[in-house]
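Undergrad: Prediction below, plus the sequence it came from.
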Amino acid sequence: MLKPLSDRVVIEVAKEEEKTVGGIVLASAAKEKPQTGKVIAVGEGRVLENGTKVPADVKEGDTVMFEKYSGTEVKYEGNDYLVVSGKDIIAIVE
C-alpha cells in the first residue's frame, strides 16, 4: 500500500451520484468534484522547527471532508486515490 510522508494523507474519494434528485443524469463535465472520502493511510505527522513531531489529526478509516481542489490524484493497483496535505482536510464526518 501507499505510505504517505510527513503530514500527507491518502484518501479513497467517495463516488458522487450521477443523477440529480429530480432524476436528471449528469454529464461528467457537469458533476462537482467530490469532497468526502475515506482515509486509507496517514503519514507520521509534520515536524515543527524545534524538531517536535505533531501527529496527524485523522486516522485510517475516518471519513473526512477536504478542500475542493486539493491534493494529487494517483492511481495505484487499479484504484484511484487522492493524496492531500493534512491542512487540506477540513472536517471528520461522524
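TA: Perfect, thanks for sending it. Residues are numbered from 1 along each chain as shown.

Undergrad: Tally up the residues packed near residue 82, please.
TA: Counted by other Cβ atoms under 10 Å, the residues lying close to residue 82 total 20. In short, each C-beta sits where N, CA and C put it, glycine included.

Undergrad: from what I can see it touches residue 38, true?
TA: No. In terms of Cβ atoms under 8 Å, residue 82 does not count as a neighbour of residue 38; the distance is 10.7 Å.

Undergrad: Common neighbours of these two, please.
TA: Residues touching both residue 82 and residue 38 by Cβ atoms under 8 Å, 6 or more residues apart in numbering: 11, 12.

Undergrad: Where does the prediction get shaky in this protein?
TA: Scanning the chain for pLDDT under 70 picks out the ranges 16-34.

Undergrad: And stretch 79-92, what's buried?
TA: 81, 82, 83, 84, 85, 86, 88, 89 (16 or more other Cβ atoms under 10 Å).

Undergrad: from the chain's centre, how far out does that stretch sit?
TA: Centroid displacement of stretch 79-92 relative to its chain, using Cα atoms, centre = their mean, to the nearest Å, is 3 Å.

Undergrad: One more: stretch 1-8?
TA: For stretch 1-8, the distance to the chain centre is 12 Å (Cα atoms, centre = their mean).

Undergrad: which of the residues in that stretch are buried?
TA: Residues 4, 7, 8 are the ones in stretch 1-8 that count as buried (16+ other Cβ under 10 Å).

Undergrad: Send over it as CSV, restricted to the C-alpha atoms.
TA: Extracted in CSV, the C-alpha atoms of stretch 1-8 (Å, rounded to 0.1, in the frame of the first residue of the first chain):
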residue,chain,number,x,y,z
MET,A,1,0.0,0.0,0.0
LEU,A,2,1.0,3.6,-0.3
LYS,A,3,2.8,5.1,2.7
PRO,A,4,2.4,8.9,2.7
LEU,A,5,5.2,11.1,4.0
SER,A,6,5.1,13.9,6.6
ASP,A,7,1.6,15.2,7.2
ARG,A,8,0.2,13.8,4.0
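
Undergrad: Perfect, I'm done here.
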